[in-house]
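**Student:** From the sequence below, what's the structure:
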Amino acid sequence: MRRRLSELLLVAAVLAPAAAAAKDDVPDDAFAPTAPAAPAATPANGSIFQGGYVPLTSGGRAGRVGDIVTIQLVERTIASKSNAAATERGGSLGLTPPSTGPLSFFSPSDIGMSGGNEFSGKGQASQSNQLAGEISVTIAEVYPNGTMLVKGEKLVTLNRGDERLQISGIVRAIDIGPDNRVPSTRVADANIRYVGKGEIARASRQGWLQRFFNIISPF
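**Tutor:** Residues are numbered from 1 along each chain as shown. Below you'll find the model as predicted:
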């Protein structure tokens, strides 16, 4: 028994840290900033307006690859669910034996019975998330229909750990304001990640050995 437990602890010590590290690592390629593309050579056709000009009505609004857009994080979700059930059932049976004859030796308590069944259950779950702030991202790609793929990240290093905010998604040019801001509720296919590393983040998580036993525990 002790040998089997020692082997189990050895396997947990080898596999659990690698699994925890793979789970905590977040790939950064999907949120890397995009540099502006080199301008194409303007054709010398002698006309007044050359290709690639920016109309005066657009002002300084972002709309090309590499331009900066500020995402206003206004995420808030609230979900709740509850259910309850109750059942009750009861029954009894009693017979009075005759006082004379061959069955007179039975007493009323020998052939009397009763039973009951009762059940009650209740469940409730709730969850609330809120994220506020701003993050500036770059336009990675402009699609033919006018929508744009934006992505970027923000890394804040504190004395007790690192905080990283990453976001990517698709925005419409019409949703970008004159100050190049767009709320996160207008970002389609949004992928928002807020992760942290350091002493505080490690203290709020279970140890790798405890997580391992929670996975294999049948209870």
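**Student:** So what's the residue count around residue 175?
**Tutor:** Around residue 175 there are 16 other residues, counting by other Cβ atoms under 10 Å. Yep, even glycine has a C-beta here, placed from its N, CA and C like the rest.
**Student:** My read is that it contacts residue 186, right?
**Tutor:** Yes. Counting by Cβ atoms under 8 Å, residue 186 is a contact partner of residue 175 at 4.4 Å.
**Student:** Domain map for the protein?
**Tutor:** Described in terms of automatic domain parsing, the domain architecture of the chain consists of the residue ranges 24-34+56-78+131-219, 81-96+104-124.
**Student:** Pipe the ones you listed into TSV and attach mean pLDDT per row.
**Tutor:** Formatted as TSV, the domains of the chain follow (pLDDT from 0 to 100):
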stretch	mean pLDDT
domain 24-34+56-78+131-219	82
domain 81-96+104-124	75
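**Student:** out of those domains, deepest packed?
**Tutor:** domain 24-34+56-78+131-219 (a mean of 14; mean count of other Cβ atoms under 10 Å).
**Student:** and the longest strand seen in the chain, what does it pack onto?
**Tutor:** Longest strand of the chain, by residue count under DSSP state E: strand 113-142. Applying 3 or more Cβ pairs under 8 Å, 6 or more residues apart in numbering; DSSP states H and E, one finds that strand 113-142 contacts strand 68-93, strand 148-158, strand 161-171.
**Student:** Columns distance to residue 193 on top of those strands, output as JSON lines?
**Tutor:** Formatted as JSON lines, these follow (distance: least, Cβ to Cβ, whole Å):
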{"stretch": "strand 68-93", "distance to residue 193": "12"}
{"stretch": "strand 148-158", "distance to residue 193": "9"}
{"stretch": "strand 161-171", "distance to residue 193": "4"}
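**Student:** and of these, who's closest to residue 209?
**Tutor:** Of all the helices and strands packed on strand 113-142, it is strand 161-171 that lies closest to residue 209, at 22.3 Å by Cβ to Cβ.
**Student:** for residue 81, which residues make a bridge with it?
**Tutor:** Beta bridges link residue 81 to residue 125, judged by DSSP bridges.
**Student:** wait, what's in contact with it?
**Tutor:** Counting by Cβ atoms under 8 Å, 6 or more residues apart in numbering, residue 81 makes contact with 124, 125, 126.
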